[in-house]
Structure formats: structure tokens, C-alpha cells
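[1] predicted model, plus sequence, below.
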Amino acid sequence: MKIGILCYPTYGGSGIVATELGMLLADKGHEVHFMSSSMPARLDMTKPNIYFHKVNVETYPLFKYQPYDIALSSTIYHVVKIYKLDVIHAHYAIPYAYAAYMAKQMLKDDGIETPLVTTLHGTDITLVGQHPSYKKAVEFSINKSDFVTSVSESLKKDTFINFDIKTEIQVIPNFIDNSIFSHINVCCRKQFAEDHEKIMIHVSNLRPVKRIQDVLETFKRVEKEIPSKLIIIGEGPEMELINEFISDNPDLIPKIRLMGKVNDLFPILSYADVFLLPSQQESFGLAALEAMAAGVPVISSNAGGIPEVNIHGQTGYIAEVGDINQIVHFTKKLFIDDELLLKMKTNAKENAMKFDIANIIPLYEELYTRAIHKE
Ligand code: GMT
């Protein structure tokens, strides 16, 4: 099949899922065309069958805002027409599903019917998609998509609650390529912590919805009793809050490692003892799944789809959003009991296997086939 993938290029769950999916489809022999404002962060252009088309936004002095969505729909139109794509897959409703619908109409005028599959990722439904400036357009583009998927049952439910949806929504959970962990060389834990110290880790785009304050407060309280280190990976607006916390707690400076965006996330994840994900909202929690696949138990909030990934008392623990006492309690519980920690590490890895790409890719392939054959 010839598949067009529209996604955000930056760090953020939807872009990562879209990129990993596209690369695996290309590995299986499909021709995959990525369209985005810049090269997606994890896209490996050395792989076969992969094409990248940059959306070029032409500036003009009259424009206060650049008309990205117009440039995007024109790019989709041209790429579908030139490369004869079979299907367009939009990741994140805004602006991808919307722009893809416009491209579909332009193609229709030329007698070309190209099916559109839209995957809802989370904040396109629960946060930004709720804003009056976008809500109607999001609803319209979902209803105009030929097939719609969501990354969790929870997100599917939220979509039906928040919008007037007339199409079916199929849940296709996010996934992980567990095979990458067989090649990881775990040699350097000492670079992050002494043997007697535990490691907490948090990976995100550091936006307010991630509740970084809970990560920092948990670390501060746990570290007082149990020697530990905190690794934070990612970049985003809450970096200011982190810097403020560090300057208010100078004794913690040598114990907190801020790593920004890292290219090779998985070896670092493998050193951690717990992954903290106290998010206010999380449709799935891809970062938690990646941690689990690396054998790291997750201590998370109960937001959105997280409980579909992190199983309380088995792969980690779940607390109410904002209940720091609970998060601290669960972290200490794991840190003081090596046997329990080891068991949960094994459980986490085992549960991640359920989300292995080998189980998920066929679901997308089947969906594309149905879309192409209008089934
Ligand atoms: O908030 C983010 O982490 C980015 C956002 C995105 O769409 O890029 O992530 C959402 O999609 C991920 C991939 O499907 C999910 O794993 C995240 O849970 C979801 N984030 C939120 O719902 C806040």
C-alpha cells in the first residue's frame, strides 16, 4: 500500500506513534509518505520505502498568521496525486484531519477518491479540541473521516461525550517495539546514581498537564528518607517551574539530572526504578508504556487511559490526580522492598508485551485495506 502520514514532527506522543507506525509499515514493504512542517524527531530516513515531504508555508507581508492549514492541504493534494497514494492517515485532529478533508475535496474535483483515516490522540479531544475556536472544526473533521481510531477506550468515551459524533470509533492502542530492548547495552547506571541509590524518572514535553510539580514534590519527600536521584527528560514550558524548584532547593541540585531531549531514551529508561506520570490528563500514556517496556514500574495518576496501560498493584501503582501523599507512599513502598520492586519490574515488562507492535500493526493494515476497498 501507499500510505500518507500526517503528524507533528516534534516530541509528543502523537508524532512518535505516527513516526514509529510509518517506519514499521515501511519495514513491511509499504510505501510511506510523511508530511509535516519539519522532519519528525524519530524518523530514520535511511530506512527503505520512506519519503518525507515538508509543508512549506509561504510568508507574505499581508499575513499576520501564516496559513499553515492551506499549505498542508495543498501538500497533501500534490503528494497524493503525484505518488498515487492509496490512503491518508491523519494523526491528531487539529489541523491534520481538517486539512486532509480539504485535500480530499480538491482530489475529488480531479476524480480521485482517497480515503482518510484519522487517529485521535488525546489533547485534540480533551484539551485544545474543546476550545470554541476549534471545537466545531474538530467535530466536523472527525465526522468527515472515513475511519476514526482512538488510542484508548477512555479517549473514545471522551470523544462521544464531548462531540456530536456520527461515525464509529475503533480503539487501536498505542504500541511499542519490544525488540529494541534486546539490543540495549545497559552498562552505565553509575553515571546516574550510586548502587545504593534509587532512580526516579519522568519523560514528557513538560507541559502543565503533566503536573511536574507532583514529580518534584514526590522526589523531595522520598529522597529525604531513601537515597535517590531524579532524571527528567524532555523540554517544555514547565522547565521554568523546575528551575524555580531547584533554586528553592539547592541541596537537591546534585540529585536532579535535567537531560532535555535525548536521542537514545531507552538505555536511560532501563536504569530507572520507577517512572512517575502524575498527569492531569493522559489519553494513553505512551511514555509510561515505553518505561514499562524497559522494565520500569509506573507510579501514575488515574487520568484518562492510564489505567488501561498501568495496572494498579501489578505493573506499578495508581493514585488520584494530585494526591501527592499517595504517590509518595507508593514510591517508598517500592523503594524499600527490593523483592516487590523486582516483581513489578518483571510485571511491567510482561504487560508491555501486550502492546507489542506485532499485535497492533495488523490492525492498522486491516483498517487501511477496509478504507481502500470502502468496506
Ligand atoms: O501531551 C502529550 O504528551 C502529547 C500528546 C500528543 O498528541 O502529541 O500526547 C497524547 O498522545 C499520546 C500518543 O497517543 C498519548 O500517549 C498521550 O497520553 C496523549 N496526551 C494526553 O492526552 C495529555
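    That came in fine, so what should we check first?
[2] wait, is residue 282 part of a helix?
    No - using DSSP: H, G, I helix; E, B strand; the rest coil, the secondary structure at residue 282 is coil, not a helix.
[3] run a quick neighbour tally on it.
    Around residue 282 there are 31 other residues, counting by other CB atoms under 10 Å. For the C-beta atoms, the positions are set from N, CA and C on the backbone; glycine is no exception.
[4] phi, psi for it please.
    Per-residue torsions, residue 282: phi -160, psi 110 (degrees, to the nearest 10).
[5] count the neighbours of the residue lying closest to residue 361 once chain neighbours are set aside for me.
    Closest residue in space to residue 361, ignoring its immediate chain neighbours: residue 24 at 5.6 Å, by CB to CB, 6 or more residues apart in numbering. Using other CB under 10 Å, residue 24 has 19 other residues around it.
[6] pretty sure residue 24 is touching residue 358, no?
    No - in this structure, residue 24 is not within contact of residue 358 by CB atoms under 8 Å, at 9.3 Å.
[7] flag every residue of the stretch 101-250 of the chain that's near the ligand.
    Within the stretch 101-250 of the chain, the positions adjacent to the ligand are 121-123, 151, 174, 205, 209 by CB under 6 Å from any ligand atom.
[8] name the residues that touch the host helix or strand of residue 35?
    Using DSSP states H and E, residue 35 maps to strand 31-36. Identification of contacts with strand 31-36 by CB atoms under 8 Å, 6 or more residues apart in numbering yields 1-9, 15, 18-19, 22-23, 25-26, 40, 43, 49-55, 72, 75-76, 79, 83, 85.
[9] for the stretch 151-300 of the chain, which spans come out with low pLDDT?
    Low-confidence segments of the stretch 151-300 of the chain (pLDDT under 70): 183-185.
[10] what ranges do the helices span in it?
    153-162, 212-225, 239-248, 265-271, 286-293 (DSSP state H, counting those that start in this stretch).
[11] residues contacting the fourth one, please?
    In this structure, residues lying in contact with helix 265-271 by CB under 8 Å, 6+ apart are 180-181, 184-186, 188-189, 192-193, 199, 201, 203, 231, 233, 259, 262, 275, 290-291, 294-296.
[12] in PyMOL, select just the buried ones from those.
    Buried residues within the contacts of helix 265-271, by 16 or more other CB atoms under 10 Å, are selected in PyMOL with:
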select buried, resi 181+189+192+193+199+201+203+231+233+275+290+291+294+295+296
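[13] about what we covered before: quick one, the helix or strand harbouring the residue nearest to residue 361 and helix 286-293 angle?
    When secondary structure is defined by DSSP H and E, residue 24 falls within helix 13-27. If you take axes from the mean of the first three to the mean of the last three CA atoms, to 10 degrees, helix 13-27 sits at 60 degrees to helix 286-293.
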